[in-house]
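Undergrad: sequence and predicted structure, then a few things I'm wondering about:
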Amino acid sequence: MMKSLYEQMGGTYTIQGDYCLPDLRLSEEDSRPIGVCGQRRLRYLKQHHRVLYYNLLTSGKLRDYLADTEERAQELFPRLVKQYAQWAGLTEQLKAEKPTEWVQKLSNIRIQINEIIYTELIFI
């Protein structure tokens with residue numbers, strides 16, 4: 001009897017009654033977390049880029065793609081906060097002398113950086 005393409009590639013079957021059912025297994029799940037940015041990217045792909053979403057989903061690369069997006073966002077955020085804080089003149093001296101002003105400026109910087117990350121990584 002000639003082997004099927006599935007058997008030629010190393011697949012096996014289990015006989016149940018009159019049927020031969022392929023022994024299928026899901027690939028191992030990626031243990032990297034998908035945080036807020038990854039989930040927002042997922043929602044954006046589902047709503048606006050369905051072809052890319054389904055291509056990633058059917059190829060089994062969606063979780064890796066979302067985890068990579070999350071990692072890039074997590075790496076970018078602190079680096080940009082540090083740069084923007086230097087440009088805005090946020091110093092330890094300002095923090096000690098005028099803590100309220102320091103917190104306001106830092107909050108504004110964080111909001112700006114979130115918008116940058118969403119524009120550059122999430123909503124593209």
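TA: Right, received. Where do you want to start? Residues are numbered from 1 along each chain as shown.
Undergrad: mind listing the helices for this protein?
TA: Here the chain has its helices, by DSSP state H, at 5-8, 36-48, 50-59, 62-88, 92-97, 99-117.
Undergrad: looking at the chain, which helix or strand is least sure?
TA: Of all helical and strand segments in the chain, the minimum by mean pLDDT, DSSP states H and E falls on helix 5-8, at a mean of 79.
Undergrad: ok, back up a step: can you tell me which of the helices of the chain is nearest to G17?
TA: Closest to G17 of the helices of the chain, according to Cβ to Cβ: helix 5-8, at 19.4 Å. (C-beta placed from N, C-alpha, C; glycine too.)
Undergrad: where does the chain have low pLDDT?
TA: 1, 26-30 (pLDDT under 70).
Undergrad: again, only using 90
TA: Under the criterion pLDDT under 90, the flagged ranges of the chain are 1-15, 19-33, 59-60, 124.
Undergrad: which non-adjacent residue is nearest the spatially most central residue of the chain?
TA: Compute the mean C-alpha point of the chain, and by Cα atoms, centre = their mean the closest residue is L66, 2.6 Å away. Leaving aside its sequence neighbours, L66 sits nearest to G38 (Cβ to Cβ, 6 or more residues apart in numbering; 3.9 Å).
Undergrad: count of neighbours near the one you found?
TA: Residues near G38, counting by other Cβ atoms under 10 Å, number 24.
Undergrad: good, we can wrap up now.
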